[in-house]
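Predicted structure and sequence below. I'll ask about it afterward.
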Amino acid sequence: MNKLLLMTMFLLFSVVVFAQQKVEMADTLRSNGKIYTVVAVCLTILIGLFLYVFLIDKKINRIEKEIGDKK
Amino acid sequence: MNKSWWKILSFLLLIYTIIAGFLCNVPRLPILNETIRNLYFHVCMWFGMMILFGVSFYYSIKYLRTFQFKYDIYAHCFASVGSFMGILGYLTGFLWVNVTWITDQSQSIGSVLKEPKLIGAAIALLIYGAYFVLRDSFTDMDKRARTSAVYNIFAFAMLFPSIWIIPRIVGSLHPGAPGSDSGNPALDRKDLDASMRMVFYPAVIGWTLLGVWISTLKIRLSLLKDKIDSNE
């Protein structure tokens, strides 16, 4: 009985290990630190986009004030 | 400045989304592999779209109750930015399909095209497309605002059946479709662990707030144009 239990446990354990090894992830990209380049590129784009939206916001603010003053 | 705290919040949340979204650990799942990180971008587009359409629906009702012209402009701008986010969601979905649904399990392009959620989302976006066509086809301002507000309510009523209810009934390729345990054809709750939720929910809020910000810019421009037109 004990042997059987031990065997099934090992079997299950090996299945779990197998399942974890099978899934490929970008581990090299992370280990050599190149992922930080990707993050930096995305952050640059995001900050650029936000800056652009912010400038449009400011411009509309100014025009709103100008038109409001005329009235 | 204190009025625009949510714009700063959106900025910070999206910075956090990109940093944590690329660097944090995600569950190691077959087929999905690293593409599970698309959850922070692709899925957020759809959530943002639904929220913006909801806001548009709210202003359409408000227009019909008060007949103030500005609410019609609000509804129109929120719906247009919402549609834009929907189109972005669609395009990013195509990219994701290529690596997860087509290459695996001998799925062909035909089985992907039968995907009810894809068809439903297309129907929903086309209904909103008709909203813009309808709105632009009137020359009489009052009639335009009134008809398009009524139509917008109909469009919103069609949105949830076509993207949520029908895929739930007929089954979907999206994770968590009927047959799996959660029965929710968008995301399998069991696929998300706590660390993914910590990024996903802020990401939804961040992208939605960005959509709202762009909508308010469009609204202010339309109102300005309106003011200039009425002064002339």
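Arrived safely. Numbers count the residues shown, from 1 in each chain, chains lettered A, B, ... in the order given.

contacts and neighbour counts: CA atoms only from here.
Fine.

Near residue 47, how many other residues are there?
Reading this off chain A. Residues within reach of A:Ile47, counting by other C-alpha atoms under 10 Å in any protein chain shown, total 15.

that's the wrong chain, I wanted chain B
Per other C-alpha under 10 Å, the neighbour tally for B:Phe47 reads 19.

Go ahead and report the secondary structure state at it.
helix (DSSP: H, G, I helix; E, B strand; the rest coil).

That one: what's it in contact with?
Going by C-alpha atoms under 8 Å, 6 or more residues apart in numbering or on different chains, B:Phe47 touches B:204, B:208.

Show the pLDDT at it.
Per-residue confidence at B:Phe47 stands at 94 (pLDDT).

what's the answer for B:Phe132, then?
The score at B:Phe132 is 96. That number is its pLDDT.

Local confidence estimate at the nearest residue to B:Thr92 once chain neighbours are set aside?
Leaving aside its sequence neighbours, B:Thr92 sits nearest to B:His42 (C-alpha to C-alpha, 6 or more residues apart in numbering or on different chains; 5.9 Å). pLDDT for B:His42: 93.

what's the neighbour count on B:His42?
Using other C-alpha under 10 Å, B:His42 has 20 other residues around it.

ok, then the element right after the helix or strand bottoming out on mean pLDDT in chain B?
Lowest mean confidence among the helices and strands of chain B (mean pLDDT, DSSP states H and E): helix B:109-113, at a mean of 74. Going down the chain from helix B:109-113, the next helix or strand is helix B:116-136, by DSSP states H and E.

Can you work out which other helices and strands pack against that following helix?
When contacts are defined as 3 or more C-alpha pairs under 8 Å, 6 or more residues apart in numbering or on different chains; DSSP states H and E, helix B:116-136 packs onto helix B:69-97, helix B:141-160, helix B:166-170.

One more pass at 7 Å, please.
helix B:141-160 (3 or more C-alpha pairs under 7 Å, 6 or more residues apart in numbering or on different chains; DSSP states H and E).

Okay, buried residues for the helix it packs on please.
Of all the residues in helix B:141-160, those buried under the rule 16 or more other C-alpha atoms under 10 Å in any protein chain shown are B:144-146, B:148-153, B:155-156, B:158-159.

residues from chain B in reach of chain A?
B:15, B:18-19, B:22, B:28-30, B:33-34, B:217, B:224 (C-alpha under 7 Å from any C-alpha of the partner chain).

Just the closest of those residues to B:Leu173, please.
B:Pro30 (15.2 Å; C-alpha to C-alpha).

Skipping its backbone neighbours, what lies nearest the closest one in space?
Closest to B:Pro30 by C-alpha to C-alpha, 6+ apart is A:Val23, at 5.3 Å.
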